[in-house]
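**Q** just coords:
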């Protein structure tokens, strides 16, 4: 059982470049989310999705886009990378539907360490 | 705006000692989660607390939730070196939202 898989694990970009961080889960979870983790700031929610075709913004959505065409995949796109987006990015998912999903913990991927020069 | 505050932010303790990590939050929520993160690794779920007065225990860790005080605690009993990690609490989502909010984390170091 793979759980939540994130690719790539590491990436270095130049300012202004775009890229997509991939996230896939094989647990048929409806709820998926993206966080960024910066020193001393915990995890901050970027975007989330409650099912295929449904996405919404979190705390820090600027500079990022998401889409959810299937239950399994939830890619995060950086439109024009900036040094302030240097961070560790985590994708997570949880089971259940409606409000039931919050009765379960989130399952996290291993993270993508992104550096923008 | 929902805020989640953990304290202490850093904790260095001797093996065998007891200590408590506190998680205070600023809005009504009856769902509270504790996670553990080892350096350079992902987050691992420890506890899910779903109602006022909920208490859960696993090994040397015990978590509780007081929704009226908007406070959760993670109590460590007779600490061992293997408990060294960063511990996060997360609140959410408040009714009508789907957003979890994480605390800043408590970095725990247990000294032999």
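**A** Arrived safely, thanks for sending. Source: prediction; values computed, not measured. Numbers count the residues shown, from 1 in each chain, chains lettered A, B, ... in the order given.
**Q** Give me the most central residue, chain A.
**A** residue A:34 (2.5 Å; C-alpha atoms, centre = their mean).
**Q** Double-check that it belongs to a strand.
**A** Yes - Residue A:34: assigned to a strand according to DSSP: H, G, I helix; E, B strand; the rest coil.
**Q** residues contacting it?
**A** Residues near residue A:34 by C-beta atoms under 8 Å, 6 or more residues apart in numbering or on different chains: A:21, A:23, A:45-48, A:58, A:64, A:66, A:74, A:76, A:89-92. Using the backbone N, CA and C atoms, a C-beta is placed for each residue, glycine as well.
**Q** what do you get for residue B:91?
**A** Residues counted as contacts of residue B:91 (C-beta under 8 Å, 6+ apart) are B:2, B:4, B:23, B:25, B:27, B:29, B:31-33, B:100-101, B:103.
**Q** separation between it and chain A?
**A** Using C-beta to the nearest C-beta, to the nearest Å, residue B:91 is found at 10 Å from chain A.
**Q** Which residue comes closest to that residue once chain neighbours are left out?
**A** Closest residue to residue B:91 apart from its sequence neighbours, by C-beta to C-beta, 6 or more residues apart in numbering or on different chains: residue B:25 at 4.5 Å.
**Q** and the gap between the closest residue to chain B within chain A and residue B:96?
**A** In chain A, the residue that lies nearest chain B is residue A:105 (3.5 Å; C-beta to the nearest C-beta). Noted for residue A:105: a distance of 21 Å to residue B:96, by C-beta to C-beta, to the nearest Å.
**Q** my read: the residue of chain A closest to chain B touches residue A:94, true?
**A** Yes - between residue A:105 and residue A:94 there is a contact under C-beta atoms under 8 Å: 6.7 Å.
**Q** of those two, who's got more company?
**A** residue A:94 (22 against 19; other C-beta atoms under 10 Å in any protein chain shown).
**Q** what are the bridge partners for the more buried one, then?
**A** residue A:31 (DSSP bridges).
**Q** Could you find the closest non-adjacent residue to the residue of chain B found nearest chain A?
**A** Proximity of chain B to chain A (C-beta to the nearest C-beta) peaks at residue B:45, 3.5 Å away. Of all residues not flanking residue B:45 in the chain, residue A:105 sits nearest, at 3.5 Å (C-beta to C-beta, 6+ apart).
**Q** again, but for residue B:33
**A** What sits nearest to residue B:33 in space, not counting adjacent residues and going by C-beta to C-beta, 6+ apart, is residue B:90, at 4.4 Å.
**Q** That neighbour: which element?
**A** strand B:85-91 (DSSP states H and E).
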